[in-house]
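Novice: A predicted structure for the sequence below; I have some questions about it.
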Amino acid sequence: MLSKLIYKNNTRVFMTSLDKIVHLATQSEYDCIGDEGKVFGHIDLSKIDALGQGTKHDICTSSSTKRVTDQNQILGDVTRSGICHSFTANGRCVSMFKTLFTNYCTHDCKYCQNSTDYKGHKSIYSYTPDELARITISLYKGNYIEGLFLSSGVSSDEDLTTEKMIDTLKILNDKYNFAGYVHFKILPGVSYEYIKQASEMADRLSVNIETPSKNYLSELSSTKNYVNDILKRQHYIKKLELKKELPAGQTTQLVVGACGESDFDIFKRTLKEYNEMMLKRVYYSVFNPITATSLEGLSAQPTWREHRLYQMDWLYRVYKFSENEIKIAFDEEGFLNNKDPKLYIALNTLDSSIDPNDASYDELLRVPGIGPKSAYRIVNYRKKNKIYKREQLLNLGVRVKNATPFLKINGGEYPRLDRWIECQTL
Amino acid sequence: MSVSDYLLLSKDVSQRLLEKSKEISWHELNISADPEIVKMRRKIGEVRAEIHRMRGFVRFNSINDKILFGYMKPEHIIGSLVADIFAKRFQKNMIILGNEHKVWVSYYCDKSYLRYETTKSLNKVIEEVKSLIDSDVEMDIEKIWLVYYESQFIKERENHKLFYKNMPKKHLKSTENKVELRLNSTTLDDYLPSD
């Protein structure tokens, strides 16, 4: 018997008995995986390991998308905020089943363990579309993942590999009514027609550009053509995006420090990616040498380099700093120091203290310790209130210790020398 | 949901704060520097953070493919809300979440939730369900996850401090998340010679 009735947002909530729910759940079958309990019996676990390892340097784990999932009879949903289901011992988010379709590859990228240049022992594995779809659904129903991140080694025919990858998405769509998140890697050189098909089923598409220019790429790979294999494919995705919006947009990734490029080279490429290719995000992964690859003797890049590049990226993309402002953070050789670029820029550009009571939103954003959220709060709060003490700023979410040297509070302001000394200790 | 609806989900909230919250809009809550409203914002933030973490860290096993059950012991009063979120994600699947003292069950279909709550233990409810459908076949999804999770680790970037910042022990325990906890815990064995 339905004993209690509550309504919220046109959705009904009924309290009922356990056996009624059990009865209803066991009646419906539309997303059954089949062969209960035996799904993984014939799957080689070393395949999951090898093909998972092939994507561990791919760091785009965002699962936020604009797509709306409010239909009936679907399995899964997506969120605007994205969800991390786990973190590796590196502290990095694991939100998707990130895997290669096959680790067989005909490219000779010097940093990669799937390269034809790789001198160690390698077993070749491939999924079948059905097998990969079943593993994805099972991990999804176990709430281990938010969706699928599908990449692959490139066989002699990239269209054929992509066709198999698309078959996996078709099975997820048609057989399981899967509505979770899908990030699909476009392989270098793949035809427009396959990119179009993938764009109809995926939330996000990406091609890894790996390096900031064609000269750098030619140092790392003799088989990939920067303009034809990579930039042209990005342009195809952009063209498709203009016709029909890709829910989570297009992204790319660079290997940082494998070919001696400077941070400024990367910055220039990043600007082109955002402005000309309309990318949603650019990801950076510092180079770590892999044993038995051609670059195993090259030293690893410090992780902080990646962190500073992300800060630079955020200043441009989220804080809307201009290109000329960001240029201040680079040294003469074009590298970022291991210091907060926003603080460095502020020390070189903010000559007079800023009054939070009359500064514009953009001016507030340039103060270290004030981010988009706290700047928004300040602008709205001061419509009815005057800001005259540090506690108010603290309550508005400002990191007061970082911001005070640049602010004028209640008419008082810090002398420049004091400001400098304090910032050095931040 | 209103500000006061959300505040009600907090484990400890004073009547005074609750009364005040009835007059507060989401916009005011977001921009205010008033100490009491900031306190409300913090409490709601804690509730939201716990809901978000439970959505991410709860793990399900399944009986008969359509019945998903998992351990969850939240600090705040969010049990039925989280069960509903999963029920909507896995339409027409039965969601059973609970611990030693409380179980929340939810089922979603055609814009309706069916709910069941009890103070029995999770194990007891699972036994009841198994006897109702006369099946006890459980899927071992954790076996696959363990292999995949380990494959994503990059030795050169090991950073346990960052791991625990993102995946606090408190939440790993409240979702009985064994794989991540075991793989990221240093034991005495790590300091002993391997042979």
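Specialist: Done, it's in. Residues are numbered from 1 along each chain as shown, chains lettered A, B, ... in the order given.
Novice: Going by C-alpha atoms from here, please, whenever you check contacts or count neighbours.
Specialist: Will do.
Novice: right, and the helix or strand after the longest helix seen in chain A?
Specialist: For chain A, the helix that runs over the most residues, judged by DSSP state H, is helix A:158-174. Toward the C-terminus, helix A:158-174 is succeeded by strand A:181-185 as the next helix or strand (DSSP states H and E).
Novice: what does the stretch 201-350 of chain A put close to chain B?
Specialist: Residues of the stretch 201-350 of chain A lying close to chain B (C-alpha under 8 Å from any C-alpha of the partner chain) are A:288, A:303.
Novice: Spell out, range by range, the helices that occur in the stretch 201-350 of chain A.
Specialist: For the stretch 201-350 of chain A, helices defined by DSSP state H, counting those that start in this stretch occupy the ranges A:214-220, A:232-243, A:263-275, A:303-317, A:323-327, A:341-349.
Novice: Which one of those lies nearest to A:N10?
Specialist: helix A:232-243 (33.8 Å; C-alpha to C-alpha).
Novice: Would you indicate which residues of the closest one are buried?
Specialist: Residues A:232-234, A:236-238, A:240-241 are the ones in helix A:232-243 that count as buried (16 or more other C-alpha atoms under 10 Å in any protein chain shown).
Novice: Repeat that for stretch A:50-67.
Specialist: Neighbour-count burial for stretch A:50-67 flags A:50-65, A:67 (criterion: 16+ other C-alpha under 10 Å).
Novice: pLDDT weak spots in the chain?
Specialist: I went with chain A, as the question did not name one. For chain A, the stretches with pLDDT under 70 are A:1-9, A:29-42, A:412-426.
Novice: not quite, I wanted chain B
Specialist: The model of chain B has pLDDT under 70 over residues B:186-195.
Novice: Quick one: the helices in it, in order.
Specialist: Going by DSSP H, chain B shows helices at B:3-7, B:15-21, B:26-31, B:35-57, B:79-89, B:122-133, B:141-151, B:160-166, B:169-174, B:178-183.
Novice: what residues does the shortest one touch?
Specialist: If I follow you right, that is helix B:3-7. Residues outside helix B:3-7 that contact it (C-alpha atoms under 8 Å, 6 or more residues apart in numbering or on different chains) are B:13, B:18, B:21-22, B:24-26, B:40, B:43-44, B:47.
Novice: If we check chain A, which of the residues you listed are in contact?
Specialist: Of the contacts of helix B:3-7, not one also sits near chain A (C-alpha under 8 Å from any C-alpha).
Novice: And the residue most central in space within chain B, how close does it get to A:Q253?
Specialist: Central residue of chain B (C-alpha atoms, centre = their mean): B:M54, 2.3 Å from the mean position. Using C-alpha to C-alpha, to the nearest Å, one obtains 30 Å as the distance from B:M54 to A:Q253.
Novice: With A:W304 instead?
Specialist: 17 Å.
Novice: Compare the two (neighbour count), which wins?
Specialist: The residue with more neighbours, out of A:W304 and A:Q253, is A:Q253; 21 against 14, by other C-alpha atoms under 10 Å in any protein chain shown.
Novice: tell me which element the residue most central in space within chain A falls in.
Specialist: With distances taken as C-alpha atoms, centre = their mean, the residue of chain A nearest its centroid is A:C60 (3.2 Å). Counting by DSSP H and E, there is no helix or strand that carries A:C60.
Novice: Just the buried ones from the contacts of helix B:3-7?
Specialist: For those, a neighbour count by 16+ other C-alpha under 10 Å gives the buried set as B:18, B:21, B:24, B:40, B:43-44, B:47.
Novice: Phi first, then psi, for the residue nearest to A:I409 when sequence neighbours are not counted.
Specialist: In space, and not counting its chain neighbours, A:I409 is closest to A:Y388: 5.7 Å by C-alpha to C-alpha, 6 or more residues apart in numbering or on different chains. Main-chain torsions, A:Y388, degrees, to the nearest 10: phi -130, psi 0.
Novice: Compute the number of surrounding residues for A:Y140.
Specialist: By other C-alpha under 10 Å, the residues close to A:Y140 number 24.
Novice: Leaving out chain neighbours, which residue sits closest to A:S95?
Specialist: Leaving aside its sequence neighbours, A:S95 sits nearest to A:C84 (C-alpha to C-alpha, 6+ apart; 4.6 Å).
Novice: any idea how far the one you found lies from A:C60?
Specialist: Counting by C-alpha to C-alpha, the gap between A:C84 and A:C60 amounts to 12 Å.
Novice: likewise A:L393?
Specialist: Look at A:L393 and A:C60: by C-alpha to C-alpha, they are 34 Å apart.
Novice: cool, A:T252 as well?
Specialist: Relative to A:C60, A:T252 is positioned 8 Å away (C-alpha to C-alpha).
Novice: anything in contact with each of these two?
Specialist: By C-alpha under 8 Å, 6+ apart, A:T252 and A:C60 have these common neighbours: A:Y283.
Novice: Does B:N93 touch B:A87 like I think?
Specialist: Yes: proximity of B:N93 to B:A87 meets the contact threshold set by C-alpha atoms under 8 Å, at 6.7 Å.
Novice: just curious, which of the contacts of helix B:3-7 is nearest to A:T168?
Specialist: Here the nearest of these to A:T168, counting by C-alpha to C-alpha, is B:V47; it sits at 37.8 Å.
Novice: Can you give me the separation between the residue lying closest to that closest one once chain neighbours are set aside and B:K43?
Specialist: The shortest distance from B:V47 to any non-neighbouring residue, by C-alpha to C-alpha, 6+ apart, is to B:S10 (6.1 Å). The gap separating B:S10 from B:K43 is 7 Å, by C-alpha to C-alpha.
Novice: same question, B:L146
Specialist: Distance from B:L146 to B:K43, counting by C-alpha to C-alpha: 35 Å.
Novice: and the nearest residue to A:K342 once chain neighbours are set aside, backbone torsions?
Specialist: Nearest in space to A:K342, with sequence neighbours left out and distances taken as C-alpha to C-alpha, 6+ apart, is A:P368 at 6.3 Å. Dihedral pair for A:P368: phi -60, psi 140, per degrees, to the nearest 10.
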